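Engineer: below: sequence and its predicted model.
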Amino acid sequence: MDLDKSEQLIRVLVVDDHPLLRGGIAAVLDGAPDLQLIAEAGSGQEAIDAFRTHHPDVTLMDLQMEGMDGVSATEAIRAEWPDARVLMLTTYGGDGHAVRALKAGASGYLLKSMIRKDLPDAIRAVHAGRRRIPAEVAEALASHFTDDALSPRELDVLQRIARGNSNRRVASQLSISEDTVKTHMKNIMSKLGANDRTHAVMIALKRGMIEM
Amino acid sequence: MRLLLLIAILWIAAPRAWALDPDIELGQLVHRSWTLVDLAPTEVTAMTQTADGLLWIASTAGLYWFDGFRFFHYVNEHSDFPSYNFTTLLNASDGSLWVGLKSGAAARIMSAELRVFDERDGLAAGPVHAIVQDPSGVIWLASRAGLFYFDGSRWQRLGSEVGLGDRPVMGAFVARDGTLWLAAPDGIFSLSPDRLRLTRVMSERFSQEMTRHFAQAPDGAIWLGDPARGLLRIAPGKSAEPPQWQLAGKGAGALLFDRDGSLWIGGDRLRRLVSGRGQPIEELSPEGTLSAGSARTVFEDRSGNIWVGADSGIERFRHANVVRAVVPPVRSPNVIVAGRFNRVWAAYADGSLHTFEGPKLERRETAPLFTAAAPDRGGDIWFGGPDVVARLRPAATVDEQTLELIPLPERLRGGVVQTMVRDTAGTLWISIEDKGLFRWSGGQWTAAADAGFAQLLPDEAPLVSTLEDSGGVWFGYTHNRLVRIYGATARMFTARNGLSVGTVTALHSRGGRLWVGGELGLALLDLTASAADEPPATTFRTMWAMNCQTFVALAGIVETAANELWIFRNRALSRVPQLSDALESKDAQNMLDCITYGTADGPAPSPRQTRPMSSLVEADDGRVWMAASEGVAWVDPRRIREDRSRLLPPSIDGILLVTEQIGGDTVGDRLFRRMPGDVNVLPANPGDIRFRFNAVSLTSTSTLNFRYQLEGQDQRWKDTDSNEVLYTNLPPRKYRFMVMAGNKRTGEYSAPATLSFVIPPAFYQAAWFRALCALFAVVVLALVYRWQVRRAGERLRARLEDRMKERERIARELHDTLLQGIQALVLRFQGVASRIPAQEPARDMMERALELADDVIAEGRDRVNDLRDSGSTPVDLPQEIARVGNELLQDSGIRFAVTVDGEPRALHPIVREEGILIAREALANAQRHAQPRAIEVNLAYERSGLRIGIRDDGRGIDPEVLRAGGRDRHWGLMGMRERATRIRGHLEIWSRGGAGTEIALRVPAAVAYRDQKPRWSWLPFRSRRPLDILSR
């Protein structure tokens, strides 16, 4: 069994800027015989260095970190080591976050509140090559992938609007006409099912499409 | 002498109707003159008076008018005279004034228009001598060029038609019958009233140069004056009497018959022939008047004043009420006393004694120095002096009166006799200063101090005395003491008897009255119905003056036989007519309405302050004589003349705008010309305004006063003696200034003269400006208020922001430290739990515990998220309230609905939170207490703010509870109000028993809404979208 175990030992890198949480995750990993914590990192840059050094099987990456965030670090690691399996950890749900994480190359997505129960299985699943997406997020994703997602341009416009700029200001910032901006907003609102601009901004914020 | 007799005969035949006292001589008339010093015109050639009362004066250097105060040079704005050498004036019946010029032209002044007529109008060159108007209204002009008449537009010559030819006419006069009398170089002519027949009345050689003056006597005779020949009288009617020259050498210039029929004659002197009993012609010498040179014109005005125009100015003669007895004046006498034969005696300090009879000084003689006198019942007059007592016996003829001297005993000599009185028993009482009171009876001199009643008498000698009708003798002393001696009894009267006159200076008794005058006042004692030895009335009445000077320092009192009271004191001789009526009058107790005669009536009468002690006496003929400081004078009460001419309205010079003031005195002002007819519009903000006005008063200015009122400013009429009024700081408005002239003596007022004007508002005074200012102020206030509100809102929002930041910080910390920490701990515990074998019960226990821990963490996270919720979505509030309501009411069976008005907007989280809590409390109250069937919550997102209304149809809140602010143990209402106040909201509670309750929370927009500039509300649709959530 030991051999099995050691052969089946999954080597995990934990990246999170909260040391307490890292300690907690370590404790959970410790409780699972097939999971072994091989390294810890406190930031995106450290994560890249640690990956280079230790080549873990699965990387647990916190989404929101200061400096280089989880998404960028994931992209960087996946760029250099395309086989890397990354499981994103995040406090907030929201399909926007999920999409970003997946687009960056993450294999899965786990809410921090689910760590205690679901972390070991999630790691094993990702290690086995499967995707790990929380159920409700998957449901939301599914429903929203059928809608039109907001295009990058629309997201950009909405982000600027959210920052408090007027249509005219946005138009000049993007070097487009004000009418174009208005048209974008109309589309955005219809896609999101919003009643007005404020509502659109609020929905987008909630779903993690834009950030303040 | 024969001439005089002739005149006298002629005069007697003349009908007499005079009001002027024939006893007053020319020199005794009130006389006033105006010369260059008074800016009067000189070389006066003619005078007349127009209907407005003004006196017009023509001179060789201009035309003037005089209102009694000042002289004004006549200037017409539009036309001018060809020359200023004027010769004659006519006041025509149509109100126009005709002026004749030396050049031969004639000018007519008709209100503001001046029209000059000369050769172009039919006249010819040559001095105009006269312009006259006949009864039919035709105006005639006599000049060296001939006789002309005015046909309304041109002058026509009347010459050959009547046989006059081109003769120069040097004088013209219209007689009362319409005959036109003419003086030509070769004689005097009369033109019949029908103007057809010219009759030569007399041939004479007259100089062509001089103007000839005619006058018509009361008897109809026509008089003409010539400087050399004298006066010519042409008898009236077709009498055979030829005209006669009289008074040769008494060069006659102007002629005038006054209303009393006296003839005034100008010339080198001023002469007057009084229509009386053949009196000689009076003359006024050049020294006393201006008539040095020539009095060229004499004129009588409507009030009866006689005006004389001379080389150096003008003079006025008026009837004198107070007449100086002797002209020139002599000094004041020591004694004045009246007696039989209408005689009055005056004794002087130089030892002369004058005897007057009527108004004439009949006799002058030397006598010892006298200082007191007393008439006795027998008609003799007793005099007293330092050394002697004298007895004067009047006689029918003055020459026969005798004066008997009685020397005083040695011990009584050398003193000043203050007063004397001879009683009915024949005793002569004599009071000698410093010696005392003595009696002379039956040749014996005794001292009053030796008499039986001596202890009742004061020690000093009395100052005045009088004899009562009943025979009692009164003496007046210093210090308010009066003594009456009758027979052997004496009695003293002092302040205890109501006497308060101070030192007694005058005593007079007549009939049943005793008058007591002193330094301080006048008192009256009624002696009627008294037993001779005991006057019942022992209380003196103090009398007060009304309408004249106060009764102080009285020098003389006389009650006349004509029932008048005369009082003499400093500068005032006063008369109370109808004395009995005045004393019995119920209205004015002890007030005597008196008339004062002062300077205007003659010489200023003022008594001397020391002797004589009794300075007023009544003569037999009713004249009241006084010993004045300028000599003896008298007043004839029957012939007192008041100026009763109707007062004309004053003329207002105009409005004077004060332009310069130094130290409160006006040194410069600008006359704002009045435009007749138009309303005068002054410049805005004119500053001080003065009105100057004058009344025409040719007679006397001392009785003149004015009464004025500025309508628009003054509430009532005000009186003034000056002829200027100053107003300051008048606000912009329409005004009307009114002023009336008044006669202080008679109390009458003229009609008012008015001057209307308008002070327009300066732009900053105008109504529109004020309105604008008010509006501006209101706007400013409104802006300030809004700004204040906004600031308050901002302050509150800042506080709320701080609270929010605080909460966020707490949340963050909680999250970062506590939550994260706990989560990590839980994970560690999980690690430990995983090591426990599955079959161990501990494992299960741990797993369950950790599940609970997860819940705790999740709950904690939710709470933290709530804290840091930094942007509620608009639709949250209605949903949240719906959820709250639903939770509360789900099993109650109450219908619950939430409605939304207006476009939901983002709210400040604290406002939202408090709003929800208030709503929850209200819902709970309703459910608990009101027993409603339905509850509705209405959210209104209004521009002015957020309104949350919770309405139920239940029982309503007990009014007592409402008033108290909340049921005692249930602080619900209080708590709600506190919450509302915290977010600067206002809670309204409306409730009626049985009809339901509504609780409404209002929060102002500045506080409630997250976004203060709703730029995204370009879909402004307001709709009600009920989220009907039915409970099971």
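Structural biologist: Done, it's in.

Engineer: report the contact partners of residue 167.
Structural biologist: Just so you know, I chose chain A. A:161, A:178, A:181, A:182, A:185 (C-beta atoms under 8 Å, 6 or more residues apart in numbering or on different chains). For the C-beta atoms, the positions are set from N, CA and C on the backbone; glycine is no exception.

Engineer: actually chain B
Structural biologist: B:146, B:147, B:159, B:184, B:185, B:186.

Engineer: sorry, back to before: and the contacts of residue A:167 as CSV, adding pLDDT and distance to chain B?
Structural biologist: As requested, those are arranged in CSV below (pLDDT from 0 to 100; distance: C-beta to the nearest C-beta, whole Å):
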residue, pLDDT, distance to chain B
A:161, 89, 9
A:178, 89, 13
A:181, 90, 13
A:182, 90, 10
A:185, 90, 10
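
Engineer: most widely separated two among the residues you listed?
Structural biologist: A:161 and A:178 (12.6 Å; C-beta to C-beta).

Engineer: of those two, who's got more company?
Structural biologist: residue A:161 (24 against 14; other C-beta atoms under 10 Å in any protein chain shown).

Engineer: helix/strand/coil for that one?
Structural biologist: Here residue A:161 is recorded as helix under DSSP: H, G, I helix; E, B strand; the rest coil.

Engineer: residue A:185 is in contact with that one, correct?
Structural biologist: Yes: between residue A:161 and residue A:185 there is a contact under C-beta atoms under 8 Å: 7.1 Å.

Engineer: what touches both of the two?
Structural biologist: In contact with both residue A:161 and residue A:185: A:167, A:197, A:200, using C-beta under 8 Å, 6+ apart.

Engineer: please name the nearest non-neighbouring residue to the last one.
Structural biologist: Read that as residue A:200. Take residue A:200 and drop its neighbours on the chain: the residue closest to it by C-beta to C-beta, 6 or more residues apart in numbering or on different chains is residue A:194, 3.7 Å away.

Engineer: and if you look at residue B:632?
Structural biologist: Spatial nearest neighbour of residue B:632, chain neighbours left out: residue B:325 (4.2 Å); criterion: C-beta to C-beta, 6+ apart.

Engineer: is the residue nearest to residue A:200 in a helix, a strand, or coil?
Structural biologist: Per three-state DSSP, residue A:194 ends up coil.

Engineer: does anything pack onto the longest helix anywhere in chain B? Which helices or strands?
Structural biologist: When chain B is parsed with DSSP state H, its longest helix is helix B:767-813. Under the contact criterion of 3 or more C-beta pairs under 8 Å, 6 or more residues apart in numbering or on different chains; DSSP states H and E, helix B:767-813 touches helix B:841-867, helix B:909-925, helix B:1005-1008.

Engineer: so which of the ones you listed is nearest chain A?
Structural biologist: helix B:841-867 (6.3 Å; C-beta to the nearest C-beta).

Engineer: check whether the closest one comes near chain A.
Structural biologist: Yes: applying C-beta under 8 Å from any C-beta of the partner chain, one finds helix B:841-867 in contact with chain A at B:850, B:854, B:857, B:858, B:861.

Engineer: most neighbours among the residues you listed, which one?
Structural biologist: residue B:857 (20 neighbours).

Engineer: surely that one touches residue B:824?
Structural biologist: No: the pair residue B:857 / residue B:824 is not scored as a contact, 10.6 Å apart, by C-beta under 8 Å.

Engineer: got a list of contacts for the helix or strand where residue B:754 lies?
Structural biologist: Following DSSP states H and E, one finds residue B:754 within strand B:753-759. For strand B:753-759, the external contacting residues (C-beta under 8 Å, 6+ apart) are B:649-652, B:654-655, B:674, B:679-682, B:684, B:686, B:691, B:693, B:730-740.

Engineer: how about stretch B:57-68?
Structural biologist: B:34, B:40-47, B:53-56, B:71-74, B:81, B:84-89, B:99-100, B:102, B:309, B:314, B:651, B:694-699, B:701.

Engineer: go again using 7 Å as the cut-off
Structural biologist: Stretch B:57-68 has contacts (C-beta atoms under 7 Å, 6 or more residues apart in numbering or on different chains) with B:41-47, B:54-56, B:71-74, B:84-89, B:99, B:309, B:314, B:694, B:696-698, B:701.

Engineer: buried ones among these?
Structural biologist: Among the contacts of stretch B:57-68, the ones that count as buried by 16 or more other C-beta atoms under 10 Å in any protein chain shown are B:41-47, B:54-56, B:71, B:74, B:84-89, B:99, B:309, B:314, B:694, B:696-698, B:701.

Engineer: name the nearest residue to residue B:72, sequence neighbours excluded.
Structural biologist: residue B:65 (5.2 Å).

Engineer: correct me if wrong: residue A:106 contacts residue A:73.
Structural biologist: No: with contact defined as C-beta atoms under 7 Å, residue A:106 does not count as touching residue A:73 (10.5 Å).

Engineer: burial count for residue B:920?
Structural biologist: When neighbours are counted by other C-beta under 10 Å, residue B:920 comes out with 17.

Engineer: check contacts around it.
Structural biologist: Contacts of residue B:920 (C-beta under 7 Å, 6+ apart): residue B:884.

Engineer: what pLDDT does it get?
Structural biologist: Listed pLDDT for residue B:920 reads 87.

Engineer: roughly how far apart are it and residue B:728?
Structural biologist: 72 Å (C-beta to C-beta, to the nearest Å).

Engineer: buried set for stretch B:416-424?
Structural biologist: B:416, B:417, B:418, B:419, B:420, B:421, B:422, B:423.

Engineer: what of stretch B:883-900?
Structural biologist: B:884, B:885, B:888, B:889, B:894, B:896, B:897, B:898, B:899, B:900.

Engineer: now whichever strand or helix holds residue B:63: average pLDDT?
Structural biologist: In the assignment (DSSP H and E), residue B:63 maps to strand B:62-66. When pLDDT is averaged over strand B:62-66, the result is 91.

Engineer: restrict it to CA atoms and write it as PDB.
Structural biologist: The C-alpha trace of strand B:62-66 is given here as PDB (Å, rounded to 0.1, in the frame of the first residue of the first chain):
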ATOM      1  CA  GLY B  62     -38.800 150.300 -13.800                       C
ATOM      2  CA  LEU B  63     -42.000 148.700 -12.800                       C
ATOM      3  CA  TYR B  64     -42.300 147.100  -9.400                       C
ATOM      4  CA  TRP B  65     -44.800 145.300  -7.300                       C
ATOM      5  CA  PHE B  66     -44.900 145.100  -3.500                       C
END
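
Engineer: TSV please, covering the contacts of residue B:167 and showing secondary structure, neighbour count and pLDDT.
Structural biologist: What follows is those, written out as TSV (DSSP: H, G, I helix; E, B strand; the rest coil; neighbours: other C-beta atoms under 10 Å in any protein chain shown; pLDDT from 0 to 100):
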residue	secondary structure	neighbour count	pLDDT
B:146	strand	20	90
B:147	strand	27	92
B:159	coil	16	84
B:184	strand	22	90
B:185	coil	15	89
B:186	coil	14	88
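
Engineer: what parts of chain A come near chain B?
Structural biologist: A:18, A:20-21, A:23-25, A:27-28, A:30-32, A:113, A:115-116, A:166, A:196-199, A:202 (C-beta under 7 Å from any C-beta of the partner chain).
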